[in-house]
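Undergrad: what's the 3D shape of this:
(3 chains)
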Amino acid sequence: MSDFSWLYDWPAHIPNLLPGLWTAIVITVIACSVGYVLGFFLALMTEAPLRAVRYTAVVIVEVGRGLPILVLMYIAYQGLPQVGVLLDPMPSAIAALTYSAAAYSTEMIRAGLASVPRGQFEAAAAVSLSRADTYRFIIVPQAARISIPPLVNLTITIFQATSLATVITVSEIMHHAYLSGSINFQYMSVYVAAAVLYLSITLPGAILTGYLEKNLGSPTKNARRTSIRKRVTTKTPAGV
Amino acid sequence: MSVPSMSRARLQSENQAAMNAPYLTAESLTKTFGEHRAVDEVSLSVPQGEVTSIIGPSGAGKSSFIRCLNLLEVPDSGRLRIGDDALQFGGAEPRRSEIQAVRRHTGMVFQAFNLFPHLTALKNVALAQMRVLGRSRKEAEDRAMAQLERVGLADKAGSYPGQCSGGQQQRIAIARALAMDPDLMLFDEPTSGLDPEIGAEILTVMRELAADKMTMLVVTHEMEFARHVSNQIVVMVDGAVIEQGEPDKIMSDPEHQRTKQFLSAVLGR
Amino acid sequence: MDYWIEPLRYIAFGTGMTVMLTFGAAIIGIVLAVPLLLMARSRFTALRGLYHAFVHIVRGVPTLVWLFIAFFGVTQIGIVLDPITSAMLTLGMIATANMAEIYRGGMQAIPAGQWEAAHALSLDRSATARDIIAPQLFRAVSPSVATQVIGLLKDSALVSTIGVADLVFRAGLMTQNYGNGLVMFAFAGLIYLALSLPVGALSRYVHARITRRYAVV
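TA: The predicted structure is shown next:
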């Protein structure tokens, strides 16, 4: 009973899946915008002088990173009602993914901040820049070069993770796929269509990430590339 | 924290004998890192309008000491008088406002330049002027251009540090420090990261600053510079000042055995 | 208190399945990624292209979709796989793609000068690979491989959706029977944490020791 029709009739399912795609995008955008902001503050907290603050942040991050997203979703949807928090499927999924985004982005943001050489902090201090200005004008722009590629990557990952929301009855791609596929038991066709739909976002995303990695990264790397023609015989420890 | 007027008068009368009133006075500054006492009760006066050089072997605490003066390192004990401000160390942590007050007096030039790599030379020099001194963008950039011209790099204003040679980067760093109108310029081994030929361009700029009567404190290995441009040489070994005085005297007829040792090892530079 | 022992015990026994799937997939990935690495660094554009296509497609489609394809989808072709086999194949494939990318990145972290020095010393290809490159690659990728294993651990939770009796599946079942999803899933979650934290700590320890003794690559 081999049926290879799915190789050519998967496109038929695509229109049925598009509403799910929209839902997935919405969830991703919300989860990441809130999550990364939280991640920034968590990153600062992990370097705070007060031990209590540091430990709290570390626990929050490690739990968020250590739990499977599926478990987070189940807890948000089937667990929280126990403590009186009743969330609909969509908000549950968003809450779970926001927490995930925050936890994973913390290390990326922290790494970006740490990539900025100490001398930059010192130079900013030597010209009396305030702490806020130091971060805003000197540290974050340099940190961003390091943090942005992995954050873009994380966003793509979160987008893929929206597929899990189907188990808590959110009406995203996989849910629509199941409905569409069970009409004629054409599961291969429909899941191939779903795969293609995901790829339509993740492949451009991967290209974007690759482009960003090449053109961001550390300033030294880029500066040396542009100045090869002008190179003088001295060492140029730019930003070192 | 300002020095009360009574002791300021005493300060002035005490120093009548000296050529110029000291702009900065460090009293018994001590800084310990873990087990290691990097700065051991160092006292030093930096007279106004003059150049003071600190020389000595590596690890002598010269860098640590100079970083105590603009509070990049906070000393564990001692006293610092700079301009009209004075700070006592050893008790409570200095407040942010006190630290900023001291830093406003000084400009620092680092061995590693520490330019902001994502900003052009012009922006490097203008940023702090706008954000700290509150100058308008136009004023800050005009003054930045003036400082870049002063160090001979007006044509590099739109370039990024990565596009400039080491000597140029250091000169931009000097312009950046000067743009804040400091009363005292601190140099932490400004030429140590550069080839000797390129180091010469930095020393030229520093000579010009000295001729303009800028108060300077320079940690350096450049003995020629120390001898010919400084008004005072301070020799530091193992965190302490072992000798200080006129350059010619120190260089040709030092008193301390350790100084002799050090000089014979490095002379000719 | 006794009331809880039954369900929690039931959940805890899912650990074996979870661990088996995780490490099974990890080993498949670690091993199969090696030929893939060779493909990635081949001088034939076609092989490199195949490598990139494989990696991008595998990683660009969510794990859940692959699982469903491997379990539900293949029925359309006439293949019937039991859930565990589907799970292992799927996770193994994903692990392979991820490990290959990690190896590839690790190779790029090795300075070109290493190959040059090996050539200058007249080392042949296999000696170079074995004595010069492999140790440095190991050093460069160990933390990432550990992270990837933890990732597989978490991905393994998805097999619950195709009926494999792992930690999450059992937690869900117990929630159906006993209610109180918070306790059930939190307990399962705790087991995941317990499994991952040692791996993370070990990886950090190994990485710290490795990078302390050598200069930054």
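Undergrad: Residue for residue, what is the longest helix chain A has?
TA: helix A:14-46 (DSSP state H).
Undergrad: Which of the three states applies to the most centrally placed residue in chain B?
TA: In chain B, the C-alpha nearest the mean C-alpha coordinate belongs to B:Leu186, at 1.2 Å (Cα atoms, centre = their mean). Put simply, B:Leu186 is strand when judged by DSSP: H, G, I helix; E, B strand; the rest coil.
Undergrad: which residues touch it?
TA: B:66, B:69-70, B:106-109, B:216-217 (Cβ atoms under 8 Å, 6 or more residues apart in numbering or on different chains). Every C-beta, even on glycine, is put in place using the N, C-alpha and C of the backbone.
Undergrad: Now with 6 Å, please.
TA: Taking Cβ atoms under 6 Å, 6 or more residues apart in numbering or on different chains, we find B:Leu186 in contact with B:66, B:106, B:108, B:217.
Undergrad: that's a strand at the last one, yeah?
TA: Yes - the assignment for B:Leu217, made by three-state DSSP, places it in a strand.
Undergrad: how much space between it and chain A?
TA: 14 Å (Cβ to the nearest Cβ, to the nearest Å).
Undergrad: Around chain A, which positions in chain C sit nearby?
TA: C:56, C:60-62, C:64-65, C:68-69, C:72-73, C:76-78, C:154, C:157, C:161, C:168, C:175, C:181-182, C:185, C:189, C:192-193, C:196 (Cβ under 6 Å from any Cβ of the partner chain).
Undergrad: Where do the helices of the stretch 1-150 of chain B begin and end?
TA: With DSSP state H, counting those that start in this stretch applied, the stretch 1-150 of chain B shows helices at B:5-14, B:62-69, B:96-105, B:121-131, B:137-150, listed in chain order.
Undergrad: Around B:Leu267, how many other residues sit close by?
TA: 11 (other Cβ atoms under 10 Å in any protein chain shown).
Undergrad: Return the distance of it relative to chain A.
TA: 25 Å.
Undergrad: ok, and the closest non-adjacent residue to that residue?
TA: B:Met223 (6.2 Å; Cβ to Cβ, 6 or more residues apart in numbering or on different chains).
Undergrad: confidence score at the one you found?
TA: Note on B:Met223: pLDDT of 86.
Undergrad: before we move on, back to that, can you say which of the residues of chain C next to chain A are buried?
TA: For the residues of chain C next to chain A, a burial check counting by 16 or more other Cβ atoms under 10 Å in any protein chain shown picks out C:56, C:60-62, C:64-65, C:68-69, C:72-73, C:76, C:154, C:157, C:161, C:168, C:175, C:181-182, C:185, C:189, C:192-193, C:196.
Undergrad: Out of those residues, which are close to chain B?
TA: Of these, not one also sits near chain B (Cβ under 6 Å from any Cβ).
Undergrad: hmm, back to that, which residue is the nearest non-sequential neighbour of the residue nearest to the centre of chain B?
TA: Nearest to B:Leu186 is B:Met108, by Cβ to Cβ, 6+ apart, at 4.6 Å.
Undergrad: what's the answer for A:Val83, then?
TA: C:Leu182 (6.8 Å).
Undergrad: Surely that neighbour and A:Pro81 touch.
TA: No - at 8.0 Å, C:Leu182 does not count as touching A:Pro81 under the criterion of Cβ atoms under 6 Å.
Undergrad: show me where pLDDT drops low in the chain?
TA: Since no chain was named, I'll use chain A. A:1-2, A:217-240 (pLDDT under 70).
Undergrad: ah, I was thinking of chain C
TA: Where chain C drops to pLDDT under 70, the residues are C:1, C:212-217.
Undergrad: Kindly list the longest helix within it.
TA: helix C:181-213.
Undergrad: partner residues bridging the residue nearest to the centre of chain B?
TA: Legend: beta-bridge partners of B:Leu186 under DSSP bridges are B:Met108, B:Leu217.
Undergrad: ok, now how distant is it from B:Asp253?
TA: Counting by Cβ to Cβ, to the nearest Å, the gap from B:Leu186 to B:Asp253 is 29 Å.
Undergrad: C:Tyr103 now?
TA: According to Cβ to Cβ, C:Tyr103 stands 66 Å off from B:Asp253.
Undergrad: residues in contact with C:His56?
TA: Per Cβ under 6 Å, 6+ apart, neighbours of C:His56: A:Ala206.
Undergrad: three-state assignment of it?
TA: C:His56 ends up helix, using three-state DSSP.
Undergrad: Can you report how many residues lie near B:Pro117?
TA: 26.
Undergrad: and if you look at A:Leu86?
TA: 10.
Undergrad: Name the nearest residue to it, sequence neighbours excluded.
TA: A:Leu80 (7.3 Å).
Undergrad: Now C:His52: which helix or strand?
TA: helix C:45-60 (DSSP states H and E).
Undergrad: so how far is the helix or strand just after that helix from its chain's centroid?
TA: Per DSSP H and E, the first helix or strand lying C-terminal to helix C:45-60 is helix C:63-68. Mean-position distance between helix C:63-68 and its chain equals 15 Å (Cα atoms, centre = their mean, to the nearest Å).
Undergrad: Alpha carbons of helix C:63-68, as CSV, please.
TA: These are the backbone C-alpha positions of helix C:63-68, laid out as CSV (Å, rounded to 0.1, in the frame of the first residue of the first chain):
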residue,chain,number,x,y,z
THR,C,63,11.7,18.2,15.8
LEU,C,64,8.0,17.6,16.3
VAL,C,65,7.4,17.6,12.6
TRP,C,66,10.1,15.1,12.0
LEU,C,67,8.7,12.9,14.7
PHE,C,68,5.3,13.0,13.1
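Undergrad: So for B:Ser28, which of the helices of the stretch 1-150 of chain B sits nearest?
TA: helix B:62-69 (11.4 Å; Cβ to Cβ).
Undergrad: That closest one and chain A in contact?
TA: No - on the criterion Cβ under 6 Å from any Cβ, helix B:62-69 is out of touch with chain A, staying 8.4 Å away.
Undergrad: Helix B:96-105 and that helix, what's the angle between them?
TA: Here helix B:62-69 points in a direction 120 degrees away from that of helix B:96-105 (axes from the mean of the first three to the mean of the last three Cα atoms, to 10 degrees).
Undergrad: do you know how far C:Ala140 is from chain B?
TA: C:Ala140 is 26 Å from chain B, by Cβ to the nearest Cβ.
Undergrad: which SSE is the nearest residue to that residue once chain neighbours are set aside in?
TA: Leaving aside its chain neighbours, C:Ala140 sits nearest to C:Gly106 (3.9 Å; criterion: Cβ to Cβ, 6+ apart). For C:Gly106, the element it lies in under DSSP H and E is helix C:83-109.
Undergrad: just A:Leu87 next, same as before
TA: Counting by DSSP H and E, A:Leu87 is part of no helix or strand.
Undergrad: For chain C, what's its nearest residue on the stretch 51-200 of chain B.
TA: The stretch 51-200 of chain B approaches chain C most closely through B:Ala112 (16.9 Å), counting by Cβ to the nearest Cβ.
Undergrad: what about that residue, neighbour count?
TA: 21.
Undergrad: now swap in A:Gly84 and tell me
TA: 6.
Undergrad: swap in the one 5 residues further on?
TA: Applying other Cβ under 10 Å, we find 19 other residues in the vicinity of A:Pro89.
Undergrad: Kindly report the same for the one 3 residues further on.
TA: A:Ser92 has 26 neighbours, counted by other Cβ under 10 Å.
Undergrad: All set now, cheers.
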